[in-house]
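[1] Below are the sequence and a predicted model; questions follow.
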Amino acid sequence: VNDARSSPQLSEKYKTLSGMAAPLGPTGSRFGVFFAANSHTHEYSQDEMRRFEQIAALLSAALERARLHEEVQRRAEELALLNEVGAVLVETPTLEASLHKIADIVRRHFHAAGAGFLLKEPERNELVVVGASGLGAAMVERRCVALDEHGVITQAFREQKSLAIEDNRTDPRAGRILDELIPTMRSGAVVPMQGSQRPVGILGVFNEAVRRYAPDDLRRLEAVARLAAAAVERGELGRALRQTEARIQEILDATPAVVISVGTHGRIISFNTTAERVTGYRREEAVGKDCMELLYPEPLERARVALLLEKTFRAGGKGKGATTSLTTKDGKLRRVRWSGEPLLDANGQYIGVVGMGLDVTEQTQLEEQFLQAQKMESVGALAGGMAHDFNNLLGGILGQAALAHAQLRPGDPVHTVLKKIESAAPRGAAL
């Protein structure tokens, strides 16, 4: 907008007389607008608009990468939680001990005062507290709650939906059940444990202070509740492990980052859906293959990546961010920024590394284009300054030649020399 005086909303409400605006985000999923405004009118050139669009594109890429990073972080935290729960289900021989350990994990993960399970008694219309951890655990263990009583626990079980209470002093759903079980409880969340045939219980987490549980918190609790419900209903720890592995793969496939795990032998162990999309290889084509031979066939890049992997292995799997040029199945190069974490077995022994990478190819290209545009702009400014200074010098030469004419007698041969100077100077100015 070069002159906004015809638009009262801009000129009067926002005191803006000119400006530029560009969308943020890819087509179809815009998430904002980048704008610049002036308090005076201004005729924007095509070059200014082009540079503004380049900055907006770089900003879009940076914001999108930050959003992806946050999503990857959330997925990684959920993955760590489910990994820990899955390990408990595999390694702990009794169901009650497993539930107690899982309640401990949930309490630590959510920084809560207490957590525990209430399981449906097969022959009675009530829930019994099992595997309580933290707040009031000793007092509530094996306590029973009738399903016909009013309260958030029984409501969650009957309706089979997750519920959260931010403050039980102002939320009427809390009921007297919680007051009796945990008198100091102020807030909490409960999620149903749904088995394949029937509801089997409730998983709850509680706090002594006001707290709001977000939808993402409830989703994580539900994922834990599903694993625990499978173990409760069937008592088949091996099947619970398989469900955990499937859930882990589901999380990995939903992660917007490339996730590839490599063993100490250098062969690919796992390969998520994003890795398939970026590299062009299907999971079955990649798993078991040598990572270097498959993704880094170019000798110099392979040597550089091999050195990075060696350093990561020596550091116990902890790898700092590094950007590599990955070769796809169709021979194209993709720039991927990696970070690494260790893979450990049940005994804590290091068995490999898992790499999480973001495809920054388009962002890198935009940065290079922007830098090139800045260089060209600098060259243009330098050339314009030189031309201005040159014209100033030629103006002085023409002025001096005119003064010399005035001081010579008619017929003086120097007049001919001065006329040549006067005719050459405009040609220099035009140049």
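    That came in fine, so what should we check first? Residues are numbered from 1 along each chain as shown.
[2] C-alpha from now on. contacts and neighbour counts both.
    Noted.
[3] now the strands: where do they sit in this structure?
    18-24, 32-38, 114-120, 126-134, 144-146, 163-165, 187-194, 199-207, 258-263, 268-271, 319-327, 333-344, 350-359 (DSSP state E).
[4] now for those, which one comes closest to Arg302?
    strand 319-327 (9.4 Å; C-alpha to C-alpha).
[5] Just the mean pLDDT for that closest one, thanks.
    Mean pLDDT, strand 319-327: 79.
[6] just stretch 230-249 next, same as before
    Per-residue scores along stretch 230-249 average to 66.
[7] Contacts only, for Ala138.
    Ala132 (C-alpha atoms under 8 Å, 6 or more residues apart in numbering).
[8] go with 10 Å
    131-132 (C-alpha atoms under 10 Å, 6 or more residues apart in numbering).
[9] And the pLDDT at it?
    78.
[10] how near is it to Leu178?
    15 Å (C-alpha to C-alpha, to the nearest Å).
[11] Show me the helices in the stretch 101-250 of the chain, by range?
    Under the criterion DSSP state H, counting those that start in this stretch, helices of the stretch 101-250 of the chain are mapped to 137-140, 152-159, 175-181, 215-234, 237-254.
[12] nearest to Arg334, of these?
    Going by C-alpha to C-alpha, the one of those nearest Arg334 is helix 237-254, 19.6 Å.
[13] So what's the gap between stretch 1-10 and the chain middle?
    38 Å (C-alpha atoms, centre = their mean, to the nearest Å).
[14] go on, stretch 160-169?
    On C-alpha atoms, centre = their mean, the centre of stretch 160-169 falls 29 Å from the chain's centre.
[15] any chance of the helices of the stretch 101-250 of the chain in JSON lines, with distance to Leu309 too?
    Converted to JSON lines, the helices of the stretch 101-250 of the chain look like this (distance: least, C-alpha to C-alpha, whole Å):
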{"stretch": "helix 137-140", "distance to Leu309": "46"}
{"stretch": "helix 152-159", "distance to Leu309": "48"}
{"stretch": "helix 175-181", "distance to Leu309": "52"}
{"stretch": "helix 215-234", "distance to Leu309": "32"}
{"stretch": "helix 237-254", "distance to Leu309": "21"}
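[16] Of all these, which one comes closest to Val90?
    Per C-alpha to C-alpha, nearest to Val90 of those: helix 237-254, 5.7 Å.
[17] got any ranges where the stretch 201-350 of the chain has weak pLDDT?
    234-242, 312-321, 346 (pLDDT under 70).
[18] Based on its surroundings, how many neighbours for Pro426?
    14 (other C-alpha atoms under 10 Å).
[19] residues contacting Glu166?
    Here Glu166 is in contact with 186-189, 207, 209-213 (criterion: C-alpha under 10 Å, 6+ apart).
[20] For it, give its distance to Gly86.
    Taken as C-alpha to C-alpha, the span from Glu166 to Gly86 is 29 Å.
[21] same question, Asn125
    In terms of C-alpha to C-alpha, Asn125 sits 30 Å off from Gly86.
[22] Look at those two and report which has more neighbours.
    More crowded of Asn125 and Gly86, by other C-alpha under 10 Å: Gly86, with 25 against 12.
[23] Test my guess that the more buried one contacts Ala230.
    No. Counting by C-alpha atoms under 10 Å, Gly86 stays clear of Ala230, with 11.4 Å between them.
[24] What are the contacting residues of stretch 19-35?
    With C-alpha under 10 Å, 6+ apart, stretch 19-35 has contacts from 1-4, 10, 36-44, 48-49, 52-61, 63-64.
[25] just checking, which of those residues belong to helices?
    If you go by DSSP state H, those have 48-49, 52-61, 63-64 in helices.
[26] Restricted to buried residues, select those residues in ChimeraX.
    In ChimeraX, a selection of the buried entries from those looks like this (16 or more other C-alpha atoms under 10 Å):
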select :52,53,54,55,56,57,58,59,60,61,64
